[in-house]
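Participant: here is my input; please provide its structure:
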Amino acid sequence: MKLLYTLIITMLYFPIASQNHDYVWLFGYNYTSSLPGIEGSIGDFKQQPFGFEYINIGIPLFVSNAIVSDSTGHLKFYTNACSIANSNHEIMENGEGINPGQIHETYCDNGYIAGTQGCLILPKPGNPDLYYVFHKHIITTSSEIITDALLYSMVDISLNNGMGKVIQKNQPLVETAITYSQLTAVKHANGKDWWILTGGDQNNLYYTFLLDSNGLDPYFTQSIGSPSSYNGSRGGQAVFSPDGSKYARYSATDGVFLFDFDRANGLLSNFRHIPIGDPWVSGGVAISPNSRFLYVSSTLFVYQYDLWAQEIIVTKDTVAIYDNFQAPFPTTFYTQQLAPDCKIYINSQNGSFFLHVIHNPDEPGLSCNLEQHGVPLPYPHQLSMPNFPNYRLGPLIPGETPAPPCSPIVSTEEPLPAPEPAIKVFPNPASGQFTIRLTAPAAGEWQLFHADGRLALRQFLSAGVAQYEIAVSQLPPGMYFYRVFLEGQPGGSGKVSVVR
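Facilitator: Below you'll find the predicted structure:
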């Protein structure tokens, strides 16, 4: 009886555990010629404490980036939408020549430029050895970049002693203009099959595919919501909520297009538009593990919205302002990805030796604990972020909570005492003036911003002066955000309110 019980538990657990293909993350490109190969960074979320280590990778991951591993954290293969590399970081058999054409010939020494969501890897339901690699094909004209097709290639990972072989390549799925980047997928209501979705270009069309054990069904289109603007290389990002009930699509020109999603029939509904209002050119979007909070990164800001609220648009909360850190280029906010440790990682729109991280994305406001440049990389990424769906989503059972999309890491170490902040701003809220108090007085500048990012006030700081009084009676009531620079370095940021 004990053996039978163990066997049943194993059978119930294995289909879920074996589908977690997002543990290994890779970054890297031709950053310097001083070392052999392509310098890169590898992180394995099965290893604790989590961090990135140096590695020579097989292909440059410039912009487009998709990876697949197994539930033990063993890398299977990855692609940059130009080539497919195996776990030995060598070009897989027949893995060259992905997305042929002018862009391939011009850019593929460094990687493909179809956006961070320009490619995606999904396992074929019912066959653990076959994987579909979806990749967007782009062309250029004299004035713009056009995504003119969605293609797929297929890998049989059982061949070549587990190193795999590409058995189909560059098969057309859509041969018309579709949106740049923004390629994502979600589990069908049966918990086994996949819906793959991408938007049209400068229209309100959505192309949806079903991938099941028989392969790919022909796509169907749906016309819903506002038409998208041309986003070219600005890209943006699209995600499903971890529970599969929402689909959010963001670009700097359009803001957020938010829909409900039916996992049973693949249809979008209940369109809502969330304008962001920033003048910036790029950014990304992610949704918290509990599917409640939507995070929008918009170059200099990261915003949080409450998807459980009746009026989502009024819940906008600024949870980060870019702190001017550079490593070596400005570490502004770009695309995002929910990770197996239940944190959201954010890259920059420049080459950088760091990722930002939202440590507690299920928490409201500043409690989400967004740490800028909090995750060091041994070598920089270059506009690259792995594109993963939620592999852990099971069947849709009415009345039951979906399986969690990740597992938070619980540390057994005693936490270190929190350091005293470099700056305190009080009282908060204030009606007439704020007091700025510095722990270690230094020359610098304190800046106060309106909620929409406009500069409201600035105060120059002098060495040796520890406290300043800032009059705010002339400012309209509302929420404001501040940041401080001390001796040219970021010294902290926060949120304050002005009341009457």
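
Participant: please make it C-alpha for all contacts and neighbour counts, starting now.
Facilitator: Fine.

Participant: where does pLDDT dip in the protein?
Facilitator: Low-confidence segments of the chain, defined by pLDDT under 70, are located at 1-19, 31-37, 233-234, 409-421, 451-453.

Participant: show me this structure divided up by domain.
Facilitator: What the record gives for the chain is the domain set 18-381, 423-498, from automatic domain parsing.

Participant: among the ones you listed, which is the most enclosed?
Facilitator: Ranked by mean neighbour count under mean count of other CA atoms under 10 Å, the domains of the chain are led by domain 18-381, which reaches a mean of 20.

Participant: how far off centre is it?
Facilitator: Averaging C-alpha coordinates over domain 18-381 and over its chain gives two centres that are 6 Å apart (CA atoms, centre = their mean, to the nearest Å).

Participant: give me the nearest residue to residue 185, chain neighbours excluded.
Facilitator: Distance criterion CA to CA, 6 or more residues apart in numbering; nearest residue to residue 185, sequence neighbours excluded, is residue 196 at 4.3 Å.

Participant: and if you look at residue 150?
Facilitator: Residue nearest to residue 150 in three dimensions, not counting chain neighbours: residue 136, with 4.6 Å by CA to CA, 6+ apart.

Participant: tell me which element the one you found falls in.
Facilitator: Taking DSSP states H and E as the criterion, the element that holds residue 136 is strand 130-140.

Participant: and the contacts of that strand?
Facilitator: The set of residues that contact strand 130-140 without belonging to it, under CA atoms under 8 Å, 6 or more residues apart in numbering, is 81, 99, 102-103, 114, 118-124, 145-157, 180-181.

Participant: need the next SSE after that strand, C-terminal direction.
Facilitator: Assigned by DSSP H and E, the successor of strand 130-140 is strand 145-156.

Participant: now for that next one, which elements pack on it?
Facilitator: Judged by 3 or more CA pairs under 8 Å, 6 or more residues apart in numbering; DSSP states H and E, strand 145-156 is in contact with strand 130-140, strand 165-174.

Participant: may I have it exported as PDB, CA atoms only?
Facilitator: Extracted in PDB, the C-alpha atoms of strand 145-156 (Å, rounded to 0.1, in the frame of the first residue of the first chain):
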ATOM      1  CA  ILE A 145      11.400  48.200 -39.200                       C
ATOM      2  CA  ILE A 146       8.600  45.800 -40.100                       C
ATOM      3  CA  THR A 147       7.800  42.400 -38.600                       C
ATOM      4  CA  ASP A 148       6.500  40.700 -41.700                       C
ATOM      5  CA  ALA A 149       6.100  37.100 -40.500                       C
ATOM      6  CA  LEU A 150       5.900  34.700 -37.600                       C
ATOM      7  CA  LEU A 151       7.900  31.500 -38.200                       C
ATOM      8  CA  TYR A 152       8.600  28.300 -36.300                       C
ATOM      9  CA  SER A 153      11.400  25.700 -36.200                       C
ATOM     10  CA  MET A 154      11.300  22.400 -34.300                       C
ATOM     11  CA  VAL A 155      14.000  20.700 -32.200                       C
ATOM     12  CA  ASP A 156      14.200  17.000 -31.300                       C
END
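
Participant: between strand 130-140 and that strand, find me the angle.
Facilitator: Angle between the axes of strand 145-156 and strand 130-140 is 160 degrees (criterion: axes from the mean of the first three to the mean of the last three CA atoms, to 10 degrees).

Participant: closest to residue 389 out of the domains of the chain?
Facilitator: The closest approach between residue 389 and any of those, judged by CA to CA, belongs to domain 18-381 at 5.8 Å.

Participant: which element is residue 286 on?
Facilitator: Since the elements are taken from DSSP H and E, residue 286 ends up inside strand 284-287.

Participant: residue 296 touches residue 306, doesn't it?
Facilitator: No - under the criterion of CA atoms under 8 Å, residue 296 makes no contact with residue 306, lying 11.6 Å away.

Participant: against residue 331, how distant is residue 374?
Facilitator: To residue 331, residue 374 is 11 Å away according to CA to CA, to the nearest Å.

Participant: joint contacts of these two?
Facilitator: Common neighbours of residue 374 and residue 331, using CA under 8 Å, 6+ apart, are residue 354.

Participant: in contact with the nearest residue to residue 307 once chain neighbours are set aside, which residues?
Facilitator: The shortest distance from residue 307 to any residue other than its chain neighbours is 5.2 Å, reached at residue 292 (CA to CA, 6+ apart). Applying CA under 8 Å, 6+ apart, we find residue 292 in contact with 306, 307, 308, 362.

Participant: what about the helices in the stretch 101-250 of the chain?
Facilitator: The residue ranges that make up the helices of the stretch 101-250 of the chain, judged by DSSP state H, counting those that start in this stretch, are 102-107.

Participant: got the end-to-end distance for stretch 323-340?
Facilitator: Stretch 323-340 has an end-to-end distance of 27 Å (criterion: CA to CA).

Participant: sorry, slip of the keys, the one I care about is stretch 347-362.
Facilitator: Across stretch 347-362, the straight-line distance between its terminal residues is 20 Å, by CA to CA.

Participant: before we move on, what about stretch 97-113?
Facilitator: Terminal residues of stretch 97-113 lie 15 Å apart, using CA to CA.
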